[in-house]
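*Asks:* Task: produce atomic coordinates for the following.
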Amino acid sequence: MICCPRWPALLPLVLISTVNAAAGQNSGGSEAWQTCRQMIDAARRLACYDSLPGTGQPPTGRIGSAAGASAPASAMTGPISASAKPAVEPGTGGVVVPTAGSVSGSSNPVALAATAANSANSAANAANAANAASPGLYASLSAAPSLLGKAWELDPEHRGQVLQIRQYKPVYALPWFSASRVNRAPASPAPAHRLSEALPITAGEAKFQISLKAKLAEDLLGSNGDLWFGYTQSSRWQVYNGGLSRPFRETNYEPEAMLVWRTDYDLLGWRGRLFSLGLNHQSNGRALPLSRSWNRVIATAALEKGDWTLALRPWWRVREASSQDDNPDIANYLGRGDLQLIRRFGGHQLSLLLRHSLRGGEQSRGALQIDYAFPIEGSLRGHLQWFSGYGESLIDYNHRATYYGVGLSLLEWY
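*Replies:* All right, here's what the predicted structure looks like:
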């Protein structure tokens, strides 16, 4: 039996060993808790917590702190077991120290130190086992912050932020936006959708875009499924056309509702983060003969790899009665899907948008848009835009031209 007067003499050794254990093992413990906390799938996250020492719940203290590696509450009460068997700790000069399994009382500092070190070791081992089981998944979790995870609130640290307005697509003003071919006589094959005379518009104008989104509800389908609402509005302003009283030539309104599922899979080195299904309405809010509109069901699969994101969006047009259809052939020009690739590097962002009709022959049509934003001061960026193909706006859905714009942006994709 260990003699009580030895405890004061052992206290400095206990403190030293505790500090050393924390220094050597706390990172392992915190990494284990962090790994569990960042898991997307609720079942995997719970199983990961259960593999750690204690109750299977995250620590109440800050992750990475001493609380993260402390002993379970049940191990902090009660006297020293009478059956405790002393052990000689290597490197202590023969000092007798009880084993962690033989003591359980908070009145026993050596027991607490041993339990803390044991917990840290077990946490580190759990993290290593998780990494060994799914190296690709957990390697990506420990990498740079997730662009899609933050933008769509996919990770645990971003959850719970309902009914808060967020940035969506870029918000910019392009004081100079010019077209290679001006569409002075926009027309559609729908009845009463053709102008009787050409419009005196000019090639140079200004373009603006605002775009916001908000999460309306989360986890609608068990532990997954978030409902988002997005709104984008873009305008083309004939500000340099004084002879026509500087009118707004075209404004497109685009509200949409999206149900977003969190995903986590590997595809050729890219990490699949989300899948969504949404209902999208786009119109220009004008009367005949210039009215243009359509409704779509849009599916989105989004992946990321470091500072790159990739989004594939096929869509299906919601058919309308022929008497109410402003543009029956719009899918053959604005397409049936698009692919968007974005890279963020430093304060710069480069995006590429490819859109196509997914048809061959004479109906093979599409568009390419490139945007580049570079830092100027704070959140203010310069913004360059280049577009070539069909459908830069709804009124020009069947008009092919090349456009370029120069201006400023306040918000970008990420």
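*Asks:* Near residue 299, how many residues? Count them for me, please.
*Replies:* Neighbours of residue 299 under the rule other Cβ atoms under 10 Å: 14. Bear in mind the C-beta positions are built from the backbone N, C-alpha and C, glycine included.
*Asks:* what's next to the helix or strand encompassing residue 369, contact-wise?
*Replies:* Element membership for residue 369, per DSSP states H and E: strand 366-377. Residues from elsewhere that reach strand 366-377, judged by Cβ atoms under 8 Å, 6 or more residues apart in numbering: 170, 335, 346-357, 381-392, 408-409, 412.
*Asks:* Among these, which ones are in helices?
*Replies:* Among the contacts of strand 366-377, none falls in helices (DSSP state H).
*Asks:* and the residues you listed, which are buried?
*Replies:* The neighbour count (16 or more other Cβ atoms under 10 Å) marks 170, 335, 349-351, 353, 355-357, 381, 383-385, 387-392, 409, 412 as buried among the contacts of strand 366-377.
*Asks:* Which of those residues fall within strands?
*Replies:* 349-351, 353, 355-356, 381, 383-385, 387-390, 409 (DSSP state E).
*Asks:* so which pair among those is furthest apart in space?
*Replies:* Pairwise distances across these (Cβ to Cβ) peak at 29.0 Å, for the pair 356 and 381.
*Asks:* Share the number of residues neighbouring the residue lying closest to residue 163 once chain neighbours are set aside, please.
*Replies:* Nearest residue to residue 163, sequence neighbours excluded (Cβ to Cβ, 6 or more residues apart in numbering): residue 214, at 6.1 Å. For residue 214, the neighbour count with other Cβ under 10 Å is 16.
*Asks:* low pLDDT regions in the stretch 1-150 of the chain?
*Replies:* 1-42, 53-144 (pLDDT under 70).
*Asks:* Go again with 90.
*Replies:* Counting by pLDDT under 90, the stretch 1-150 of the chain contains low-confidence ranges at 1-145.
*Asks:* next SSE after the biggest strand by length in the chain?
*Replies:* In the chain, taking DSSP E as the definition, the longest strand is strand 248-267. Toward the C-terminal end, the helix or strand that comes next after strand 248-267 (DSSP H and E) is strand 270-283.
*Asks:* Tell me the strands beside that following strand, with direction?
*Replies:* strand 248-267 (antiparallel), strand 293-305 (antiparallel) (DSSP bridges).
*Asks:* okay, these in a markdown table with distance to residue 368 and mean pLDDT next?
*Replies:* Below are the strands paired with strand 270-283 laid out as a markdown table (distance: least, Cβ to Cβ, whole Å; pLDDT from 0 to 100):
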| stretch | distance to residue 368 | mean pLDDT |
| --- | --- | --- |
| strand 248-267 | 19 | 98 |
| strand 293-305 | 20 | 98 |
